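Enquirer: Test case, fold it:
(one chain, ligands or ions: 1)
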Amino acid sequence: MRIFENMESRVRGYIRSFPVIFKSAKGSIMVDEMDKEYIDFFAGAGTLNYGHNNDQISQAMIEYLKSDGIVHGLDMATIAKKNFLQKFYDTILEPRNLEYKMQFTGPTGTNAVETSLKLARMVKGRSNIVCFTNGYHGLTMGALAITGNNFYRDEAYISRSNVTFMPYDGYMGPDYNTLDLFKKMLTDNASGLDLPAAVILETIQAEGGVNIARAEWLKELANICWEFDILLIVDDIQVGNGRSGDFFSFEEAGIKPDIVTLSKSIGGGLPLAFILIRPDLDQWKPGEHTGTFRGNNLAFVASYQALHYWDTIDLSEAVKYKGAVMEKELLAIAEKFPEINAEVRGRGMIYGLEIPERGLAGQISEKCFENGLVIELAGADNQVIKFLPALTIDEGTLLRGIGIVDQSIGEILQEKKENLTGEM
Ligand SMILES: Cc1ncc(COP(=O)(O)O)c(C=O)c1O
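Expert: Reported below is the predicted structural model:
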């Protein structure tokens, strides 16, 4: 590992949670250079919904490269892009009766978020943006300003202006409708809230600790936005692409956001990001928001293949089925270890096991890695173990992975008990 320590910045992160050198991966299994296998419950932070080195996706990319297809084309017209646009329209937009223009941005999620904020501010001629507690939208300046976690928000480099945080659904406990506060502040002339250009949110806050907004809350928020002429932006970068059980996470609530951000798994494992824009909001001048890597053609080829998973409802049904398996198994773990006071939350195939004792979730995820499972933490204090397996994982591997969590919790509790008796 010395080369990484010597040459890479201290900022490196995941390499610290998973301190081995990975060699290869297939589906939901990663292999390190010592040939040890790990089940992957992290899926590239939601980028590998279709698994590592998915056969169809890899094959399509190999053929494209062999045929000397255009790889880099700025935003010029290419066959790969044309096929992707048509496939996205036919498979995703048209069947859902959604009318959106598409704008390709720089290749990562945060680029899509920046673009959505810039467009909303330009169209509405207002600068304020409302975002939510525990939200995570990326770490470039604009996206960072609407990201809640203090760990990222060093006062020296963040612009804290033009943003207002509101409490997310459930933030004040189950009996308090947080939208009452938002409505009150919008209608009260002395609340100090500048009428925002847009509200941006994740329908399921992934990095924020697997917090789920209820469908009624989302509907009410959409109505408030409509009533007060505020744009609604759904950041579907992590929980879109089928993670919730539907292609878009907002489908269940029956709302139609004005702008949607997509990245991570939309590229079939390659970097790709774009926003969906209600057509009348597409008010850019040609070239006004540009960039060199907007729409990588190899990613279009990968994405085109990945979209075949949405030709039928099979994947959607599989996600709902496997999500139910995850819920049942995690509830059983919470019941088996009452001393950890775990709470289970989730929808589709994103689940969180919240463990209030400070540091315990971290100890468990470390033990999981020792036992052959890649799994990450979420939440303001890293208090939530986040389950994010590939949507295509087979049930046996899914159960084996959850079994490793069960075993690891048992081992950690046993070690704690032994330490305690040793001390006495
Ligand atoms: C909801 C959401 N938005 C934006 C981002 C930022 O994406 P990226 O890390 O690709 O810039 C993330 C990343 O985790 C995310 O989960």
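Enquirer: What is the neighbour count of the residue in the stretch 51-200 of the chain that the ligand sits nearest to?
Expert: Nearest residue of the stretch 51-200 of the chain to the ligand: Gly109, at 2.2 Å (Cβ to the nearest ligand atom). In short, each C-beta sits where N, CA and C put it, glycine included. With neighbours defined by other Cβ atoms under 10 Å, the count for Gly109 comes to 29.
Enquirer: Contacts only, for it.
Expert: His137, Gly138, Ile237, Gln238, Thr261, Ser263, Lys264, Ala273 (Cβ atoms under 8 Å, 6 or more residues apart in numbering).
Enquirer: Specify which member of the residues you listed is nearest to Lys184.
Expert: His137 (25.1 Å; Cβ to Cβ).
Enquirer: That closest one contacts Thr115, doesn't it?
Expert: No: counting by Cβ atoms under 8 Å, His137 does not reach Thr115; the two are 11.9 Å apart.
Enquirer: Can you pick out the residue with more neighbours from those two?
Expert: With neighbours defined as other Cβ under 10 Å, His137 and Thr115 compare such that His137 has more, 29 against 25.
Enquirer: Assign that one to helix, strand or coil.
Expert: coil (DSSP: H, G, I helix; E, B strand; the rest coil).
Enquirer: Can you check what pLDDT the model gives it?
Expert: Listed pLDDT for His137 reads 98.
Enquirer: Same check on the one 3 residues further on?
Expert: Taken from the predicted model, the pLDDT recorded for Thr140 is 92.
Enquirer: ok, it to Ser161 distance?
Expert: According to Cβ to Cβ, to the nearest Å, Thr140 stands 16 Å off from Ser161.
Enquirer: more crowded one of these two?
Expert: Counted by other Cβ under 10 Å, Thr140 and Ser161 do not tie: Thr140 has more neighbours, with 15 against 8.
Enquirer: wait, isn't that one in contact with Thr110?
Expert: Yes: using Cβ under 8 Å, Thr140 is in contact with Thr110, at 4.6 Å.
Enquirer: one step back: check the contacts of Gly109 against the ligand, which are close?
Expert: Near the ligand, taking Cβ under 6 Å from any ligand atom as the test, the members of the contacts of Gly109 found are His137, Gly138, Ile237, Gln238, Ser263.
Enquirer: show me the contacts for the second one.
Expert: It refers to Gly138. Shown in contact with Gly138 (Cβ under 8 Å, 6+ apart): Thr108, Gly109, Thr110, Asn111, Val113, Glu114, Leu144, Thr147, Ile237.
Enquirer: Recalculate using a threshold of 7 Å.
Expert: With contacts defined as Cβ atoms under 7 Å, 6 or more residues apart in numbering, Gly138 is in contact with Gly109, Thr110, Val113, Thr147.
Enquirer: Let me have those in a markdown table, extended by secondary structure.
Expert: A markdown table is the format used below for the contacts of Gly138 (three-state DSSP):
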| residue | secondary structure |
| --- | --- |
| Gly109 | helix |
| Thr110 | helix |
| Val113 | helix |
| Thr147 | coil |
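Enquirer: got the residues of the protein near the ligand?
Expert: With Cβ under 6 Å from any ligand atom as the criterion, the chain comes near the ligand at residues 45, 108-110, 113, 136-138, 202, 206-207, 235, 237-238, 263.
Enquirer: Could you pick out the buried ones from the contacts of Gly138?
Expert: Taking 16 or more other Cβ atoms under 10 Å as the criterion, what is buried in the contacts of Gly138 is Gly109, Thr110, Val113, Thr147.
Enquirer: so which of those comes closest to Gly359?
Expert: Checking the buried ones among the contacts of Gly138 against Gly359 by Cβ to Cβ gives Thr147 as the nearest, at 23.1 Å.
Enquirer: before we move on, back to that, next step: the contacts of Gly109 restricted to strands.
Expert: Among the contacts of Gly109, the residues falling in strands (DSSP state E) are Thr261.
Enquirer: gap between Glu335 and Lys328?
Expert: 11 Å.
Enquirer: again, but for Pro196
Expert: 41 Å.
Enquirer: Which of these two has more residues huddled nearby?
Expert: Pro196 (26 against 11).
Enquirer: Tell me, how many residues neighbour the spatially closest residue to Val163 that is not a sequence neighbour?
Expert: Nearest non-adjacent residue to Val163, counting by Cβ to Cβ, 6 or more residues apart in numbering: Ala145, 4.8 Å away. Ala145: 18 surrounding residues under other Cβ under 10 Å.
Enquirer: residue contacts, Ala145?
Expert: Ile158, Ser159, Arg160, Val163.
Enquirer: Tabulate those residues (CSV), appending secondary structure and pLDDT.
Expert: CSV is the format used below for the contacts of Ala145 (DSSP: H, G, I helix; E, B strand; the rest coil; pLDDT from 0 to 100):
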residue, secondary structure, pLDDT
Ile158, coil, 71
Ser159, coil, 74
Arg160, coil, 71
Val163, strand, 96
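Enquirer: Contacts only, for the residue positioned nearest the centre of the chain.
Expert: Centroid-nearest residue in the chain: Gln238, 1.6 Å away (criterion: Cα atoms, centre = their mean). Contacts for Gln238 (Cβ under 7 Å, 6+ apart) come out as Gly46, Glu202, Ala206, Lys264.
Enquirer: Check what pLDDT it gets.
Expert: Confidence score, pLDDT, at Gln238: 98.
Enquirer: so how far is Asn177 from it?
Expert: 25 Å.
Enquirer: cool, Val384 as well?
Expert: Distance, Val384 to Asn177, using Cβ to Cβ: 24 Å.
Enquirer: Of those two, give the one with the bigger neighbour count.
Expert: More neighbours surround Val384 than the other of Val384 and Asn177, with 26 against 16 (other Cβ under 10 Å).
Enquirer: Mind giving me the packing neighbours of the longest helix anywhere in the chain?
Expert: Longest helix of the chain, by residue count under DSSP state H: helix 395-423. Contact partners of helix 395-423 among helices and strands, from 3 or more Cβ pairs under 7 Å, 6 or more residues apart in numbering; DSSP states H and E: strand 37-40, helix 314-336, helix 360-370, strand 373-374.
Enquirer: Many thanks, have a good one.
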